[in-house]
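1. sequence and predicted model, in that order:
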Amino acid sequence: MGKLNDMNHATKPATPTATSAPAFSLCVYCGSRPGMNPCFAQVAQEVGQWIGQHGGQLVYGGGNTGLMGEVARATLAAGGRVVGIMPKALVEREFANRDCTELHVVDNMHQRKAMMAERADAFLAMPGGIGTFEELFEVWTWHQLGYHTKPVGLLNVEGYYDGLLAFLAHTVREQLVGTWQMDLLTVGNQAPELLPRLVQSAGFGQSEQLSRHM
């Protein structure tokens, strides 16, 4: 059972020791539903396995269902740490994954997203719904404004984000989005290729070690 921290009581997790500190911390945004395509769950498992096998830490929304649950369980099974952050209302509805290494309970979505961003070295969006879209665009916007310099990635599994990427290209042609803003988003189709790029861009790891396939 992971540590449950209710932020209403200002509970703070213990600082990891030098030997237990993760090699990197990756925040993953993805769906609380599995979706129709079984490849989504498979890739979520691959992402979690990669994080765990490379000594990393997953930071995510704390859910136990859908793709969120898949990536968390795979990370733990591969020996990685999992930090879940969830608003109290969702915990009370029994959506929380209590197997997290750390499960933080916060008051609202604003606190959740701020804490996820604070605990992460890089961000990755996978297939998901409107919550995933909102989280992706928020950390991308924060990057362009200079609030952080952490890498932001988009994993386009089975062409899930083809339509979005086409629309973004349209916004550039209409000169409402700049090419430099698009350059702040790292897009990839394969997890074993995209994940090392994000982690290395955040300043962690050696290319030989991080580029290994699972």
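-> All right, it came through fine. Residues are numbered from 1 along each chain as shown.
2. give the buried residues for the helix or strand where Thr171 lies.
-> Thr171 belongs to helix 162-173 when assigned by DSSP states H and E. Buried residues in helix 162-173, counting neighbours by 16 or more other C-beta atoms under 10 Å, are found at Leu168. Any C-beta I mention is one placed from the backbone N, CA and C, and that applies to glycine too.
3. which elements pack onto that helix?
-> Contact analysis of helix 162-173 by 3 or more C-beta pairs under 8 Å, 6 or more residues apart in numbering; DSSP states H and E lists helix 179-182 as its packing neighbours.
4. the same query, at a cut-off of 6 Å, please.
-> Of the remaining helices and strands, none touches helix 162-173 by 3 or more C-beta pairs under 6 Å, 6 or more residues apart in numbering; DSSP states H and E.
5. how near is the residue of the chain most remote from its centre to Leu168?
-> Ranking residues of the chain by C-alpha distance from their mean position (C-alpha atoms, centre = their mean) puts Glu174 at the top, at 30.2 Å. Distance, Glu174 to Leu168, by C-beta to C-beta, to the nearest Å: 11 Å.
6. what about the protein, any weak spots by pLDDT?
-> 1-19, 206-214 (pLDDT under 70).
7. what do you get if the cut-off is 50, keeping everything else the same?
-> The chain contains residues with pLDDT under 50 at 1, 7-19, 207-208, 212-214.
8. can you point me to the longest strand in it?
-> strand 81-87 (DSSP state E).
9. what pairs with that one, parallel or antiparallel?
-> strand 57-60 (parallel), strand 102-106 (parallel) (DSSP bridges).
10. in the sheet, who's paired with the spatially most central residue of the chain?
-> In the chain, the residue lying closest to the centroid (C-alpha atoms, centre = their mean) is Val28, at 1.0 Å. Residues in a beta bridge with Val28, per DSSP bridges, are Leu124.
11. which ones are touching it?
-> 60, 71, 124 (C-beta atoms under 6 Å, 6 or more residues apart in numbering).
12. export those residues to a markdown table and tack on distance to Ala117 and neighbour count?
-> Output for these, formatted as a markdown table (distance: C-beta to C-beta, whole Å; neighbours: other C-beta atoms under 10 Å):
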| residue | distance to Ala117 | neighbour count |
| --- | --- | --- |
| Tyr60 | 12 | 27 |
| Val71 | 18 | 29 |
| Leu124 | 13 | 28 |
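13. of those residues, closest to Met109?
-> Lowest distance from Met109 to those (C-beta to C-beta) belongs to Tyr60, with 14.0 Å.
14. now the closest one, nearest residue through space, not along the chain?
-> Val28 (5.0 Å; C-beta to C-beta, 6 or more residues apart in numbering).
15. where do the strands sit along this structure?
-> 3-6, 25-29, 57-60, 81-87, 102-106, 122-125, 152-155, 185-188.
16. closest to Ala202 out of these?
-> strand 122-125 (4.4 Å).
17. which other helices and strands contact the closest one?
-> Against strand 122-125 (3+ C-beta pairs under 6 Å, 6+ apart) you get strand 25-29, helix 130-144, strand 152-155.
18. any chance you could list what contacts that strand?
-> So strand 122-125 is contacted by 26-29, 132, 136, 139, 150-154, 198, 202 (C-beta under 6 Å, 6+ apart).
19. now it: buried residues?
-> 122-125.
20. reformat those residues as CSV; add distance to Asp183.
-> What follows is the buried residues of strand 122-125, written out as CSV (distance: C-beta to C-beta, whole Å):
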residue, distance to Asp183
Ala122, 16
Phe123, 15
Leu124, 17
Ala125, 16
